[in-house]
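> What would the 3D arrangement of this be:
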Amino acid sequence: MEELKKVIPEPIELDEIKPPKKSWIVNILKRVQKYSSYTFLGFYSIHSMSVVISPSFLPMSLNGEIFEISRAIYSSIEPIIFGSVAAHILSGMALRFLKPRKRTKKVYENSEETGLGGITSLVGLGVRKSWISKITNNYLTPLSFSGYSLIPLLAIHFFKFKVAPTEIDGDSTLVSLSYISTVLNHSLVKFGPYLNFVLLSALVYNSSYHIMSGMLKFNGYYSKKSKKIGYGIISGFTLMGIISLIRFKYWKFDDAYLLGKYLKYIEWSRL
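Model (predicted):
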């Protein structure tokens with residue numbers, strides 16, 4: 001047997017393992033999606049103050065003044081608002097195409113598949129995958145689903161409250177809070193007023209969920225406390241929206257000229 005000898009250790013160079021670099025296109029799209037949402041959030045805050053928050057508890061006469069002030073603020077930047085919405089939607093769709101979802105059964109607290117965590121998470125029963133992620137095999141998350149479902153709701157709302165008045169009168173300056181009351185009480189479709197109530201309620205809930213969930217995601221707030229606060233804001237905002245819609249439905253305004261105009265808008269839109 002040969003004699004064992006000591007040898008001088010020599011370092012072995014290993015290639016440094018680096019995480020894969022994110023595509024510069026993905027990084028740009030993420031920034032577009034994030035900052036375009038802040039632009040729309042400014043409009044949403046002003047608009048919801050006049051049609052959701054203040055009508056839930058203030059006198060209708062005062063609400064009308066708040067609505068006119070808020071409209072004067074955002075009407076001058078409508079192209080910017082529409083552009084931000086388009087940029088947000090298109091960048092989101094592009095990101096979904098470039099970044100396909102991983103098919104994994106493991107669920108984490110900060111996973112997009114859990115959304116805001118659901119009721120089970122809030123009451124301490126653990127984190128579970130959302131139903132929308134389950135039925136779409138992780139292709140859609142609660143956040144993305146709420147965003148895509150907002151598209152038809154916003155399109156219908158824009159058609160009734162912007163396109164129809166513009167087609168009849170050339171602009172939508174006659175639209176006021178009393179038009180909401182008219183839409184909730186008149187329709188050419190059977191059960192149309194009830195359908196309009198449901199659509200507006202869904203718009204209030206979906207928009208509040210999407211915005212709150214998106215803001216938490218963009219800022220990295222995944223804790224249970226953050227999600228509870230998020231659910232509290234969504235629930236409170238939705239409740240105020242429903243109260244406002246009920247008040248609008250039973251509000252009897254006495255302007256015959258405006259009522260006649262609004263009925264023409266409804267007749268043209270067929271809704």
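> Burial check on Tyr44, number of neighbours?
For Tyr44, the count of nearby residues is 17 (other C-beta atoms under 10 Å). Glycine gets a C-beta too; all of them are placed from N, C-alpha and C.
> right, and it touches Met212 too?
No: using C-beta atoms under 8 Å, Tyr44 makes no contact with Met212, being 11.2 Å away.
> Next, show the common contact partners of the two.
Jointly contacting Tyr44 and Met212 under the rule C-beta atoms under 8 Å, 6 or more residues apart in numbering is no residue at all.
> Now the residue lying closest to Leu203 once chain neighbours are set aside: which helix or strand?
Of all residues not flanking Leu203 in the chain, Leu153 sits nearest, at 4.6 Å (C-beta to C-beta, 6 or more residues apart in numbering). Taking DSSP states H and E as the definition, Leu153 sits inside helix 142-158.
> same thing with Ser187?
Applying DSSP H and E, one finds Ser187 in no helix or strand.
> Tell me which residues touch it, please.
Ser187 neighbours (C-beta under 8 Å, 6+ apart): Pro193, Leu195, Asn196, Ile266, Leu271.
> redo that, cut-off 6 Å
By C-beta atoms under 6 Å, 6 or more residues apart in numbering, the contact list for Ser187 reads Pro193.
> gap between it and Tyr262?
Using C-beta to C-beta, to the nearest Å, we find Ser187 at a distance of 12 Å from Tyr262.
> Overlap in contacts, the two.
With C-beta under 6 Å, 6+ apart, Ser187 and Tyr262 have no common neighbours.
> Tell me how many other residues crowd Lys224.
Lys224, neighbours per other C-beta under 10 Å, totals 14.
> I meant Lys162, not that one.
14.
> Report the secondary structure state of it.
helix (DSSP: H, G, I helix; E, B strand; the rest coil).
> Quickly find the element holding the closest residue to it other than its chain neighbours.
Excluding the flanking residues, the one nearest Lys162 by C-beta to C-beta, 6+ apart is Ser172, at 5.4 Å. If you go by DSSP H and E, Ser172 is not part of any helix or strand.
> ok, now which ones touch Ser172?
Per C-beta under 6 Å, 6+ apart, neighbours of Ser172: Lys162, Pro165, Thr166.
> And Arg31, how far from Ser37?
For Arg31, the distance to Ser37 equals 11 Å [C-beta to C-beta].
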